[in-house]
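In: Quick one, structure for this:
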Amino acid sequence: MGLPIWLWRRRAVIHSPLLPHACAEALSRDIDGTLTLFGKKPVIGHVDPRGGSLRKRIHYRNDLRTTMSLTIESSGGGSRIVARSFMSVYATVFMVFWFGMVSLVPLAALAAGSVEAALLSIPGFMLAFGIGLVVFGRWLARDEHDFLLAFIRNQELAISVQARLAMLAASLLAAWALWRLLAPGRLMHERAVDIEPSTRRRALRVGLPF
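Out: Sure, this is the predicted structure:
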């Protein structure tokens, strides 16, 4: 059985009907900037039409939390969003440095011909501690990739709902305008003393229900 997926870098591709500028605007509405001190929005980061970076807001410190980087590209009248997530570059560099330094001590001892248990136990303990720290930190962040993906998709859903509401409002406005056009004296003409429907009014009466 392999290692849990939350220990590794993850990647997902999302296709959006929105153009890159619209994607960036939709996502930015519910994101606190990285320098915001007392924000309450669920996601921290920044997004522009080319991409950005997102993190889930948590109320405790975890330097091994998930950072999601976004690349936004135009695609077929919409956008293609590539999301990649793992722990931050700074945490990755620090842990590589940590494991590298800890590994040098036993290697130096072996090269010098000293294999005393007391000398090897300290770096062994530090190595085990580092591995445990990474596993625990990534376990705490195990749901953050899925959370951020759901955040991106929910913003698209909100925009889609707004677009449908706008279309409904436009349809109602058009229907009201047509009914106004059907009022006597607008698309009507008079013959003697009676008002009879014009050909255009008859066509509108037939077409309006559709």
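
In: what separates N62 from T34, distance-wise?
Out: N62 is 16 Å from T34, where distance means CB to CB, to the nearest Å. From N, CA and C alone the C-beta is placed, and that goes for glycine too.

In: who's more crowded, the two?
Out: N62 (15 against 11; other CB atoms under 10 Å).

In: For this protein, name the helix or strand with the lowest mean pLDDT.
Out: Lowest by mean pLDDT, DSSP states H and E among the helices and strands of the chain is strand 188-191, with a mean of 50.

In: low-confidence ranges in this protein?
Out: Residue ranges of the chain with pLDDT under 70: 1-7, 109-120, 156-164, 179-210.

In: So which residues of it form helices?
Out: With helices called from DSSP state H, the chain shows them at 20-28, 89-112, 117-140, 144-181, 199-207.

In: Make JSON lines out of these and add mean neighbour count and distance to D48.
Out: What follows is these, written out as JSON lines (neighbours: other CB atoms under 10 Å; distance: least, CB to CB, whole Å):
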{"stretch": "helix 20-28", "mean neighbour count": "19", "distance to D48": "5"}
{"stretch": "helix 89-112", "mean neighbour count": "13", "distance to D48": "19"}
{"stretch": "helix 117-140", "mean neighbour count": "14", "distance to D48": "28"}
{"stretch": "helix 144-181", "mean neighbour count": "14", "distance to D48": "15"}
{"stretch": "helix 199-207", "mean neighbour count": "12", "distance to D48": "45"}
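
In: Make TSV out of those helices and add distance to G52.
Out: Below are these laid out as TSV (distance: least, CB to CB, whole Å):
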stretch	distance to G52
helix 20-28	7
helix 89-112	15
helix 117-140	22
helix 144-181	11
helix 199-207	47
